[in-house]
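In: have a look; sequence and predicted model below, questions after that.
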Amino acid sequence: MASRTRRHEAASGARAGAAPRRRLPMRLLLPLLVLLALMAMLMLRGYVHSEILADHRIRPEAATGKVPAEILDGGPVIDTRSGRTTSLKVPDHRLVLTFDDGPDPTWTPKVLDVLKKHHAHAVFFVTGTMTSRYPDLVERMVAEGHEVGLHTFSHPDLSYQSKRRIDWELSQNQLAITGAAGIRTSLFRPPYSSFADAMDDRSWPVTQYIGTRGYITVVNNTDSEDWKKPGVDEIVRRATPHGGKGAVVLMHDSGGDRHQTVQALDTFLPTLQKQGYEFDNLTEALDAPSAHTPVEGADLWQGRAWIFLVQASDHITGVLVVGLAVIGFLVISRFVLMLVLSGAHARRVRRPGFGWGPPVTEPVSVLVPAYNEAKCIENTVRSLMASEHPIEIVVVDDGSTDGTARIVEAMGVPNVRVVRQLNAGKPAALNRGLANARHDLIVMMDGDTVFEPATVRELVQPFGDPRVGAVAGNAKVGNRDSLIGAWQHIEYVMGFNLDRRMYDVLRCMPTIPGAVGAFRRSALERVGGMSDDTLAEDTDITMAMHRDGWRVVYAEKARAWTEAPESVQQLWSQRYRWSYGTMQAIWKHRRALVERGPSGRFGRVGLPLVSLFMVVAPLLAPLIDVFLLYGVVFGPTRKTIVAWLGVLAIQAVCAAYAFRLDRERMTHLISLPLQQILYRQLMYVVLLQSWITALTGGRLRWQKLRRTGVVETPGGPVPRSSTDRRPVA
């Protein structure tokens with residue numbers, strides 16, 4: 001036993017001495033895998049729809065000096081396998097109908113129906129792209145006795161292609177046919193082919209090479225020219241051979257409107273059958289073994305896997321397109337609502353003579369929950385000392401280990417009380433502060449936030465309306481000089497404060513910011529105070545207020561300056577908590593959807609809007625960038641860029657309007673395009689991680705951000721001389 005223990009300790013020591021292997025965090029790995037999977041599906045879909053690697057060049061006619069005379073003067077069936085140069089013709093009174101470019105979901109079934117009606121067989125030269133998308137039609141062809149042949153995967157002119165590309169076109173086409181019908185075929189028709197006498201020095205080497213790969217090349221000697229849509233009678237005339245001769249007849253079941261082809265076929269078949277013609281597939285007409293070979297084993301499963309992936313890519317892309325339409329609708333709807341309703345809110349509160357009721361002059365208790373805020377707490381308290389409204393300050397030290405409480409006590413500021421408690425979290429600290437507050441109006445703020453002198457006064461004026469139970473202030477980013485700070489500044493002004501104006505008008509504001517909010521004590525007590533059921537206690541208490549029948553309003557002049565995260569990691573931690581906490585709050589208050597009265601109104605108006613605009617829309621927003629990247633690379637490039645610039649222009653208009661309402665400088669909007677590209681991806685990953693945590697039942701801990709204490713009010717630091725303004729009891 002002792003020896004095993006020593007070996008375990010030695011092994012543990014060896015592992016401890018080794019350099020730890022760095023692993024990609026799951027919060028990055030999973031979104032990255034999702035993004036790669038989506039891009040792979042889009043790439044596959046683009047490849048199958050000839051948007052990627054497609055070559056639409058057509059080579060002009062060339063000399064025929066290298067083409068053997070027996071080929072130029074021979075029949076439409078060319079066999080160059082095993083070094084042979086053989087040309088075959090179809091016997092008299094036998095017709096081989098051939099259909100190119102399919103299968104098509106609209107016209108191929110109609111062609112098959114007509115063939116079945118008249119007991120005729122044909123050869124369908126299918127492309128791999130169409131076969132991959134509509135495998136059931138190829139399966140039906142084979143089941144009904146028709147033959148299928150290769151028409152390449154993406155329909156390029158093979159005279160332009162390398163042997164490697166030719167092999168790829170053949171193998172992919174064959175893979176699609178195998179997956180669709182479980183067979184291989186030895187028949188091949190080159191794209192853009194014509195009669196045998198049209199073979200030239202460019203196409204003949206390709207035909208020879210095709211033979212070395214085991215395929216018989218089939219051209220035609222009777223062209224219906226149905227692709228020109230010359231009319232039913234003309235198609236029948238051109239498809240009819242002369243003198244009872246046999247023929248390989250060229251028609252099309254794809255590539256456009258083929259209703260004339262279908263109608264002509266319904267006339268052509270019985271007419272020539274009465275003249276003694278038989279309509280066979282190629283090997284029947286030549287009395288040769290079938291061109292089809294059954295496939296089994298790994299090759300069959302590989303083909304089926306290909307069909308499955310293509311079908312999945314089409315379905316996923318369809319879902320993505322629907323998602324893109326949804327996010328487009330949500331984005332436009334949100335912008336329209338924000339512009340219209342925020343404008344209405346601004347006009348209402350700024351009109352001459354507007355008031356909430358009698359001026360509110362009664363003293364206010366300001367609660368400052370603080371956990372390790374040593375770098376910020378002095379600025380916070382000093383900003384409150386300059387308040388133009390009578391206040392008391394209650395700093396609740398939530399088990400700080402950096403001397404936060406001692407700093408406040410050493411300031412010796414009158415009417416500032418420090419309440420200490422063991423670390424229990426922000427909701428508990430706020431409830432402790434509420435229990436120690438002396439006044440009926442309660443203002444809550446964060447320990448890293450500073451108020452302007454007029455903030456408290458402006459924040460409590462809406463309580464002149466007895467229906468108002470809570471007030472949201474105007475939170476602003478104080479450290480906006482860095483790029484990440486500028487991005488958050490745009491988000492706060494546009495995404496938060498413009499939203500709050502809209503929600504105020506709709507009477508369903510979802511969140512009173514923890515940095516600057518005010519409450520009636522009676523309203524807080526009626527809903528049970530601050531709850532620790534969620535990580536977004538500010539959203540939770542706001543929803544509870546709505547459900548209890550209180551109005552929650554927005555005070556635009558009650559400005560507070562908060563310290564935003566200064567690194568991606570800190571921003572990640574903050575937004576992860578916010579998004580997860582918001583989901584928790586929505587779930588906690590879900591019964592409001594079916595309740596009556598004020599709770600039901602909020603449930604059927606507020607909860608859907610919050611869910612759509614704060615959870616669904618951010619999660620789907622990256623689709624805009626995914627399709628932007630796809631469209632820029634694979635086309636249509638110009639339309640894609642124009643569409644994206646259009647969306648960006650709408651966002652810029654909303655942002656500019658929000659900045660104008662808040663009287664902010666427009667210079668920070670320079671970084672808006674970069675914010676839309678990079679910042680949105682970060683928020684997407686954060687939200688996806690929150691979804692994963694919620695769906696897996698994970699428990700997220702409160703994550704404390706590192707503070708620097710750099711935020712001050714726009715007028716600079718509060719003076720520290722003996723003439724400082726003091727709170728009034």
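Out: Arrived safely, thanks for sending.
In: and stretch 221-236, what's buried?
Out: Judged by neighbour count using 16 or more other C-beta atoms under 10 Å, the buried positions of stretch 221-236 are 221-224, 226-227, 232, 234-236. Bear in mind the C-beta positions are built from the backbone N, C-alpha and C, glycine included.
In: and what of stretch 346-355?
Out: So stretch 346-355, judged by 16+ other C-beta under 10 Å, has buried residues 346, 349.
In: give me the distance between the two termini of it.
Out: End-to-end distance for stretch 346-355: 13 Å, by C-alpha to C-alpha, to the nearest Å.
In: what mean pLDDT does that stretch have?
Out: Stretch 346-355 shows an average pLDDT of 91 in the prediction.
In: what segments of the stretch 551-700 of the chain are helices?
Out: 568-588, 597-601, 607-611, 617-620, 622-634, 637-661, 672-674, 680-695 (DSSP state H, counting those that start in this stretch).
In: for residue 46, which of these is the nearest?
Out: helix 622-634 (5.4 Å; C-beta to C-beta).
In: spatially central residue for this structure, please.
Out: For the chain, residue 623 is the residue whose C-alpha lies nearest the centre (C-alpha atoms, centre = their mean; 2.7 Å).
In: name the element the residue of the chain positioned farthest from its centre belongs to?
Out: For the chain, the largest distance from the centre (C-alpha atoms, centre = their mean) belongs to residue 243, which lies 62.7 Å off. Using DSSP states H and E, residue 243 sits within no helix or strand.
In: could you identify the most distant pair in the buried residues of stretch 221-236?
Out: For those, and using C-beta to C-beta, no pair is farther apart than 221 and 232, which are 22.0 Å apart.
In: list the contacts for the residue nearest to the centre of the chain?
Out: 320, 323-324, 327 (C-beta atoms under 8 Å, 6 or more residues apart in numbering).
In: the stretch 351-500 of the chain: helices as residue ranges?
Out: Using DSSP H, counting those that start in this stretch, the helices of the stretch 351-500 of the chain run over residues 377-385, 404-411, 426-436, 455-460, 483-490, 498-506.
In: tell me the most buried of these?
Out: With neighbours defined by mean count of other C-beta atoms under 10 Å, none of the helices of the stretch 351-500 of the chain is more surrounded on average than helix 455-460, at a mean of 26.
In: send the alpha carbons of it over as PDB?
Out: Presented in PDB, the C-alpha positions along helix 455-460 are these (Å, rounded to 0.1, in the frame of the first residue of the first chain):
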ATOM      1  CA  THR A 455     -28.600  62.800 -10.800                       C
ATOM      2  CA  VAL A 456     -30.400  62.000  -7.600                       C
ATOM      3  CA  ARG A 457     -32.800  64.900  -7.900                       C
ATOM      4  CA  GLU A 458     -33.700  64.000 -11.500                       C
ATOM      5  CA  LEU A 459     -33.900  60.300 -10.700                       C
ATOM      6  CA  VAL A 460     -36.600  60.800  -8.000                       C
END
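In: pull the residues that contact it.
Out: Contacts for helix 455-460 (C-beta under 8 Å, 6+ apart): 360, 364, 366, 384, 387-389, 391, 441, 443, 471, 473, 516-518, 555, 557-560.
In: in PyMOL, select just the buried ones from those.
Out: Of the contacts of helix 455-460, the buried ones go into a single PyMOL selection, burial set by 16+ other C-beta under 10 Å:
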select buried, resi 360+364+366+384+387+389+391+441+443+471+473+516+517+518+555+558+559+560
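In: can you add mean pLDDT and give the helices of the stretch 351-500 of the chain back as TSV?
Out: Shown next, in TSV, are the helices of the stretch 351-500 of the chain (pLDDT from 0 to 100):
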stretch	mean pLDDT
helix 377-385	93
helix 404-411	93
helix 426-436	95
helix 455-460	97
helix 483-490	87
helix 498-506	91
